[in-house]
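Chemist: I'd like to go over a predicted model; first the sequence, then the structure.
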Number of protein chains: 2
Amino acid sequence: MSRTGRPREFDRDDAIRMAMHLFWEFGYEAISVAQLQKELGGLSAASFYAAFGSKQSLFEEAMSLYMATCGDIVAPLKDPDVSPREAMGKTLRHAVEVQAGTSHPKGCMAVLAGTNLSAKNREILKMVERARAETRDAIAHCINRAVENHELSKKIDREALVVLFDTFIKGIAIQTRDGISTKALLSSVEILMMTWESLEPGRT
Amino acid sequence: MSRTGRPREFDRDDAIRMAMHLFWEFGYEAISVAQLQKELGGLSAASFYAAFGSKQSLFEEAMSLYMATCGDIVAPLKDPDVSPREAMGKTLRHAVEVQAGTSHPKGCMAVLAGTNLSAKNREILKMVERARAETRDAIAHCINRAVENHELSKKIDREALVVLFDTFIKGIAIQTRDGISTKALLSSVEILMMTWESLEPGRT
DNA sequence: ACACTTATGGAGTGGTCGCTCCATAAGTGG
DNA sequence: CCACTTATGGAGCGACCACTCCATAAGTGT
């Protein structure tokens, strides 16, 4: 059954992609609905609200798109066919490459888009916190797998190791914003991954 | 010579300290002048602008206060009487303890207060970027000193090591906001500092 | 041709934004 | 007591905030 009613004059998915970029670059509150209307193709306010409901629910859709695309750098961590160590290295390098990429704003949307929120936008805060927790959980899953597979010593402090990698990943967002080069970040990833080797069984 | 004119009815320094906390917690744009007036002791708009000039210059003073107090965690890095390795460990642990502290908002003001800015507030962006650069420069100074003192191998990629520690430090801000415990963060610092040992001369 | 559904442009909502003006208050030195 | 200086409360500025209303346009099925 085909849709009835007057057809929409813009591509809704394209608009969400553009909105994602704007929220990503400026953050939720710093980009106004008027600017969104303009950048999304010169929509009228009526069209905007008919299509997306509210600024908040547009953000929700943009955040979902982000997690489904750029946010999937943690995918290797959950892939049982990749060794935990290789998965972690891959994810860290991916994180650098995606966040330093030039086809979109720098940094991680989950870290940057909902940082400065006034009290009325608690819902947005919850959304980005949930997104950041996904990364943390994926890292924890990877570390657990490594210990269970005897690829990391049983003596290690799992939580500390998770926090180490997670903290580094989240710091990348700030670093790419500050202009730190992809090359330097990738080199620092290599040093960080040496830590993994030093925690392999029978090393200490 | 004593000041003339009607005396101010509030303590300007106290007010700046409170403003620092508010900017730190919510970010520059998310805290309004009306809220600042209220929290700074119920000032009228006239009093606010007479005392501070503008929202932007109040932020500037708050940022200076932050750098002079909480931001001085990098002090050990510049202290020639502390070994580079000890200085780095100290700074990392300090960073965790300060940012997870309970007498003020969580995280690092330089990372968190100027993240989501609309185009008109470029000046604020520059201020926080400058503050973040100070940390990076202090780390670089420490690493250089370590290499020159033969406390780190000459073969290391200095820039990569600087970026490693700097990225971790900046990630702490996000982690404390997400409720990661001081204990877990301190443990991850210990693992990170093991990296330093592995790069000491004659280790590879 | 007609009802039905959905999208659109334009005008306008109350509220908040950072900031200013002005008369008055409360201190100082002569 | 009187100038002089600075601070204060209150009223109000234009601009923007997210959002809504409504008449009309542009498709559908019958």
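Modeler: Received, thanks.
Chemist: Could you use CA atoms for every contact and neighbour count after this?
Modeler: Noted.
Chemist: ok, now how distant is residue A:143 from DNA strand C?
Modeler: According to C-alpha to the nearest atom of the strand, to the nearest Å, residue A:143 and DNA strand C sit 44 Å apart.
Chemist: OK, contacts around that residue?
Modeler: Neighbour list for residue A:143: A:84, A:152, A:158, A:161, A:162 [criterion: C-alpha atoms under 8 Å, 6 or more residues apart in numbering or on different chains].
Chemist: quick one, what contacts the closest residue to the fourth one other than its chain neighbours?
Modeler: Looking back up the chat, that one is residue A:161. The shortest distance from residue A:161 to any non-neighbouring residue, by C-alpha to C-alpha, 6 or more residues apart in numbering or on different chains, is to residue B:188 (6.0 Å). Residue B:188 makes contact with A:160, A:161, A:163, A:164, according to C-alpha under 8 Å, 6+ apart.
Chemist: and chain A, which residues reach DNA strand C?
Modeler: Contact residues, chain A versus DNA strand C (C-alpha under 7 Å from any atom of the strand): A:3-10, A:43-48, A:50-51.
Chemist: how about 6 Å then?
Modeler: Applying C-alpha under 6 Å from any atom of the strand, we find that chain A lies next to DNA strand C at A:4-10, A:43-47, A:50.
Chemist: one step back: return the closest of the contacts of residue A:143 with respect to residue A:133.
Modeler: The closest of the contacts of residue A:143 to residue A:133 turns out to be residue A:162 (C-alpha to C-alpha; 11.8 Å).
Chemist: element containing that closest one, please.
Modeler: According to DSSP states H and E, residue A:162 maps onto helix A:158-177.
Chemist: From the contacts of residue A:143, pick out the ones that also neighbour DNA strand D.
Modeler: Of these, not one also sits near DNA strand D (C-alpha under 6 Å from any atom of the strand).
Chemist: Redo the residues you listed as CSV? Include pLDDT.
Modeler: CSV is the format used below for these (pLDDT from 0 to 100):
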residue, pLDDT
A:84, 98
A:152, 97
A:158, 98
A:161, 98
A:162, 98
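Chemist: Show the low-confidence segments of chain A, by residue range.
Modeler: Scanning chain A for pLDDT under 70 picks out A:1-2, A:204.
Chemist: So the closest residue to DNA strand C within it, which state does it fall into?
Modeler: Taking C-alpha to the nearest atom of the strand, DNA strand C has its nearest neighbour within chain A at residue A:5, 2.8 Å off. At residue A:5 the chain is in coil, as set by DSSP: H, G, I helix; E, B strand; the rest coil.
Chemist: Next: residue A:117.
Modeler: coil.
Chemist: For the closest residue in space to it that isn't next to it in sequence, give me its contacts.
Modeler: Computed as C-alpha to C-alpha, 6+ apart, the closest residue to residue A:117 that is not its neighbour in sequence is residue B:30, at 5.5 Å. For residue B:30, the contacting residues are A:29, A:116, A:117, A:118, by C-alpha under 8 Å, 6+ apart.
Chemist: How about residue A:75?
Modeler: residue A:91.
Chemist: which element is it on?
Modeler: Per DSSP H and E: helix A:75-78 holds residue A:75.
Chemist: for the closest residue to chain B within chain A, what are its contacts?
Modeler: Residue nearest to chain B within chain A: residue A:171 (3.7 Å; C-alpha to the nearest C-alpha). Applying C-alpha under 8 Å, 6+ apart, we find residue A:171 in contact with B:167, B:168, B:169, B:170, B:171, B:172, B:174.
Chemist: need the longest helix for chain A.
Modeler: Scanning chain A for the longest helix, with DSSP state H as the assignment, gives helix A:122-148.
Chemist: the inter-axis angle of that one versus helix B:158-177?
Modeler: Put simply, helix A:122-148 runs at 120 degrees to helix B:158-177, going by axes from the mean of the first three to the mean of the last three C-alpha atoms, to 10 degrees.
Chemist: ok, back up a step: can I get the contacts of residue A:143 in TSV with distance to residue A:203?
Modeler: Shown next, in TSV, are the contacts of residue A:143 (distance: C-alpha to C-alpha, whole Å):
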residue	distance to residue A:203
A:84	17
A:152	10
A:158	16
A:161	16
A:162	19
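Chemist: Please consider this matter closed, and thank you.
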